[in-house]
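Asker: quick one: sequence and predicted model below, then my questions.
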Amino acid sequence: MTASVLSVRDLRVWYGTERGPVRAVDGVSFDLRPGETLGLVGESGCGKSTLGRGVLGLLPRGAKLDGEVGYQGRNLVTATPREVQLLRGPDLGLIFQEPLTRLNPLLRVSEHFEETLRTHEPGLSKEQIQHRGIEVLRAMGIPPTRYRAYPHEFSGGMRQRIMIALALVLRPSFVVADEPTTALDVLVEAQIISILGDLRRNFDTALLFITHNLGIVAEACDRVAVMYAGRIVEQGPVTEVFARPQHPYTRELLRSTISLATTGLHYIPGAPPDLVEPPSGCRFHPRCPSAMRVCPERFPEPVVVGPQTVECWLHGPDGLIPADGRDPLVREEITVADEA
Amino acid sequence: MYLVTRVLLFVPQVLVILTIVFVLMRVAPGDPVTVALGGQRSPEQLAELRAAAGYDRPVIVQYGEYLSGILRFDLGTTIVDSRPVTQIFAVNGGATLTLTLAAFLVALLIGLPLGLLAGRYRDTGLDASLRVFGILTYAAPVFFLGLLLQLAFARGLGWLPSSSQASPIVLARVPSETNIFLLDALLAGDTEAFWNGLEHLILPAVTLGLLLSGVFLRIVRINLIQTLRSDYVEAARARGIRERRVVVQHAFRNAMVPFVTILGLQVALLLGGAILTEQTFNWNGIGSQLVRYLDSRDYVAVQGIITLIALVVVTASLLIDIINAIIDPRVRY
């Protein structure tokens, strides 16, 4: 098995607020190999985007980062901002959710390419820059005649392809795609997904694909990580996780998917937890249909179940569960929470 | 298309302003002649002057005459010294133009970089002190700031002259060709007079420029903070663009779009400040003429000067919008 491009260990991100720190990402670990696509799924506000930004060192003012992001023998968390800045572009790429506002409205598309290439490959001539820019745009289906146009002259789907071209022109080995198709219609979505698929086939790019569309994960990803309240609760090969979900949250999430065969709508009762004061023990226990007495007591340990890694007391380890821990959880507090 | 609409809008804009000026001048009690010369002439003489100036006719006729006069570039003749108002502009306009342009330059040179620093290093000690600077320069009365500068640099240190456009001897020897002193000095090939004029320009230009720079600083700062938060700035950072370039090329350049729009409004502040600065520094421009005619209650002169100042402000805002369309490709449609 090839070595990982990126190896994340116990990553934590928190924001200071008046009520206390918001633990948006709370101890996340995963690995990505060259050419591998890891889908990151979960409800809105579970920390997916924050995790993607944290890996690239692009957190907003006031956010704190801790843990380890191993890339080429370096820990990006402790590296200087300047070091990480130089890696962003040629090594680490980011594709965004909303393409409409991501290009500078005052600069031509060509100027975006010139700026990006000049920053990271200072030796290039003007002709080489133009050649590289036009080539990568052509691969994205943008005609060379539009090279000198302004961003507002393009549609949303075209702008997303320009953004992808801008990320790919430097051939990064790791790309975070943060819901790259959420703002686009289904035809453009399919187009973008196939472009990203080509990318890993042709250039061995490792992709962290953030989405809440489980269909896309099944289609485009090798492995999937399910996030809940800042933690990855289940991780494994897509086919296995989708066929035999081991965490109750994954199961509920899969049941909530809408497809053409859907006859009734399913949803998970309750709301994602407050990240300032998260529930005790397993974060999911207040909404979990299989909650046991041990769940609110202790934080679950990561357990390997077949090809998957799961954080759920259902899978043990038995040695850590107290005598009556497996009894179903009697929850009077649920009704209190509902009234509140 | 945008520009055509914008230029067409200019006409009603001007009409509204002219009407307001006219009405305001008529709201004051008494007719201009009585107010200016009452008590100095006999009632018969006053009536004669009133009839000659047309103040015995209905207001609507006077309004029509006022408007048609402006079309012929005739703003009437002053009552106290029988000077055509347009002549005041020809003779004193150059001094005001020199002062306001220099002050504008000073304000840009101070306000833009300081606004950039304050926005970039937001919520630091530097930002806090720059914001205090911005409030102080805007809130300090122009004549007070002018007096302080005069005391420090003219009286105290003796580095710069305290008032007037140039030394009396120099003023007398340079022939008036364009009525813009610095230009006249250059035309006459008199470099010594030119430097003398420049020296005299520094204190008034800095006084008026400081007033405006505080406003510029605050506008640039707030717009920069907004653009620094924008999606394209984050996207530029994600491409590994150097922070300095992100701030200047992406955030600052985009912050200039709203800044240029607001510049049009600042022309009014600039001209208002110029009136006070000219008074403080004995600068013989339109502002000091306006104050002189106000003192002698010459409504015709005051109305004419205010009309022209209003026209300048409206024209400036038109020019600003045209400049904006050149900077921002999205406005052109």
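Answerer: Looks like it arrived, so ask away.
Asker: distance check, residue A:241 against chain B.
Answerer: 29 Å (C-beta to the nearest C-beta, to the nearest Å). Placement of C-beta: from N, CA and C, glycine included.
Asker: test my guess that that residue contacts residue A:250.
Answerer: Yes - judged on C-beta atoms under 8 Å, residue A:241 makes contact with residue A:250 at a distance of 6.4 Å.
Asker: shared neighbours of the two, anything?
Answerer: Jointly contacting residue A:241 and residue A:250 under the rule C-beta atoms under 8 Å, 6 or more residues apart in numbering or on different chains are A:226, A:234.
Asker: pick out the residue of chain B closest to chain A.
Answerer: Nearest residue of chain B to chain A: residue B:240, at 3.4 Å (C-beta to the nearest C-beta).
Asker: isn't that residue up against residue A:117?
Answerer: No - contact criterion C-beta under 8 Å: residue B:240 and residue A:117 do not qualify, at 11.1 Å.
Asker: tell me where the chain has strands.
Answerer: The chain I'm using is chain A. A:6-17, A:20-32, A:37-41, A:63-71, A:74-75, A:92-95, A:174-178, A:206-210, A:223-228, A:231-237, A:302-305, A:308-311 (DSSP state E).
Asker: could you say which of those is packed most deeply?
Answerer: strand A:92-95 (a mean of 27; mean count of other C-beta atoms under 10 Å in any protein chain shown).
Asker: name the residues that touch that one?
Answerer: With C-beta under 8 Å, 6+ apart as the criterion, strand A:92-95 contacts A:52-53, A:55-56, A:58, A:71, A:88, A:160, A:163-164, A:167-168, A:170, A:172, A:174-178, A:180, B:235, B:238.
Asker: check stretch B:142-160 too.
Answerer: Counting by C-beta under 8 Å, 6+ apart, B:137, B:161-163, B:199-200, B:202-204, B:206-208, B:210-211, B:273, B:276-277, B:279-281 sit against stretch B:142-160.
Asker: let's see 10 Å
Answerer: Stretch B:142-160 is contacted by residues B:136-137, B:140-141, B:161-163, B:199-204, B:206-208, B:210-211, B:272-281 when judged by C-beta atoms under 10 Å, 6 or more residues apart in numbering or on different chains.
Asker: in helices, which of the residues you listed fall?
Answerer: The helices in this structure, assigned by DSSP state H, contain B:136-137, B:199-204, B:206-208, B:210-211, B:272-280 from those.
Asker: center of chain A - which residue?
Answerer: residue A:210 (3.3 Å; C-alpha atoms, centre = their mean).
Asker: which stretches of the stretch 51-200 of chain A have low pLDDT?
Answerer: The model of the stretch 51-200 of chain A has no residue with pLDDT under 70.
Asker: counting contacts, what elements does the helix or strand of chain B with the lowest mean pLDDT pack onto?
Answerer: Of all the helices and strands that make up chain B, helix B:32-37 has the lowest average by mean pLDDT, DSSP states H and E, namely a mean of 73. Judged by 3 or more C-beta pairs under 10 Å, 6 or more residues apart in numbering or on different chains; DSSP states H and E, helix B:32-37 is in contact with helix B:43-53, helix B:299-327.
Asker: will you turn those helices into TSV that also has mean neighbour count and mean pLDDT?
Answerer: Formatted as TSV, these follow (neighbours: other C-beta atoms under 10 Å in any protein chain shown; pLDDT from 0 to 100):
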stretch	mean neighbour count	mean pLDDT
helix B:43-53	14	78
helix B:299-327	19	85
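Asker: export these to JSON lines and tack on distance to residue A:266?
Answerer: Output for the helices and strands packed on helix B:32-37, formatted as JSON lines (distance: least, C-beta to C-beta, whole Å):
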{"stretch": "helix B:43-53", "distance to residue A:266": "88"}
{"stretch": "helix B:299-327", "distance to residue A:266": "53"}
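Asker: including distance to chain A, could these go into a markdown table?
Answerer: Below are the helices and strands packed on helix B:32-37 laid out as a markdown table (distance: least, C-beta to the nearest C-beta, whole Å):
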| stretch | distance to chain A |
| --- | --- |
| helix B:43-53 | 54 |
| helix B:299-327 | 7 |
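Asker: so which of these gets nearest residue B:258?
Answerer: Closest approach to residue B:258 among these (C-beta to C-beta): helix B:299-327, 9.3 Å.
Asker: in contact with the residue lying closest to residue A:59 once chain neighbours are set aside, which residues?
Answerer: Of all residues not flanking residue A:59 in the chain, residue A:53 sits nearest, at 5.4 Å (C-beta to C-beta, 6 or more residues apart in numbering or on different chains). Applying C-beta under 10 Å, 6+ apart, we find residue A:53 in contact with A:13, A:24-25, A:59-60, A:63, A:65, A:94, A:176, A:178, A:210, B:234, B:238.
Asker: list the contacts for the residue most central in space within chain B?
Answerer: Nearest to the mean C-alpha position of chain B, by C-alpha atoms, centre = their mean, lies residue B:271 at 2.4 Å. Residues in contact with residue B:271 (C-beta under 10 Å, 6+ apart) are B:96, B:100, B:208, B:286, B:287, B:309, B:310, B:312, B:313, B:316.
Asker: again, only this time at 7 Å
Answerer: B:100, B:309, B:312, B:313 (C-beta atoms under 7 Å, 6 or more residues apart in numbering or on different chains).
Asker: what does residue A:168 give?
Answerer: Counting by C-beta under 7 Å, 6+ apart, residue A:168 touches A:136, A:199.
Asker: wait, isn't residue B:174 in contact with residue B:190?
Answerer: Yes - applying C-beta atoms under 7 Å, one finds residue B:174 in contact with residue B:190, separated by 5.9 Å.
Asker: who has more neighbours, these two?
Answerer: When residue B:174 and residue B:190 are compared for neighbours, residue B:174 comes out ahead with 21 against 17, by other C-beta atoms under 10 Å in any protein chain shown.
Asker: ok, that one to residue A:75 distance?
Answerer: 71 Å (C-beta to C-beta, to the nearest Å).
Asker: same deal with residue A:242?
Answerer: Per C-beta to C-beta, residue A:242 is found 33 Å from residue A:75.
Asker: how about the residue of the stretch 201-340 of chain A found nearest chain B: what's its closest non-neighbour residue?
Answerer: Proximity of the stretch 201-340 of chain A to chain B (C-beta to the nearest C-beta) peaks at residue A:208, 13.3 Å away. Nearest non-adjacent residue to residue A:208, counting by C-beta to C-beta, 6+ apart: residue A:176, 4.7 Å away.
Asker: and residue A:322, by the same measure?
Answerer: Leaving aside its sequence neighbours, residue A:322 sits nearest to residue A:294 (C-beta to C-beta, 6+ apart; 6.4 Å).
Asker: near chain A, which residues of chain B?
Answerer: B:230-232, B:234-235, B:237-242, B:250, B:253-254, B:328-330 (C-beta under 7 Å from any C-beta of the partner chain).
Asker: could you redo the last one with a cut-off of 10 Å?
Answerer: B:122-123, B:227-243, B:245-246, B:249-251, B:253-254, B:256-257, B:327-330, B:332-333 (C-beta under 10 Å from any C-beta of the partner chain).
Asker: longest helix in chain A, please.
Answerer: Across chain A, the longest stretch assigned as helix under DSSP H is helix A:186-203.
Asker: I figured residue B:166 hits residue B:174, correct?
Answerer: Yes - using C-beta atoms under 10 Å, residue B:166 is in contact with residue B:174, at 7.6 Å.
Asker: overlap in contacts of these two?
Answerer: Going by C-beta under 10 Å, 6+ apart, residues that sit against residue B:166 and also against residue B:174 are B:181, B:182, B:184, B:185, B:193, B:194, B:196, B:197.
Asker: which helices and strands does the helix or strand where the last one lies pack with?
Answerer: Secondary-structure assignment from DSSP states H and E places residue B:197 in helix B:191-228. In terms of contacts (3+ C-beta pairs under 10 Å, 6+ apart), helix B:191-228 is packed against helix B:85-120, helix B:125-139, helix B:142-149, helix B:168-173, helix B:181-187, helix B:231-238, helix B:253-280.
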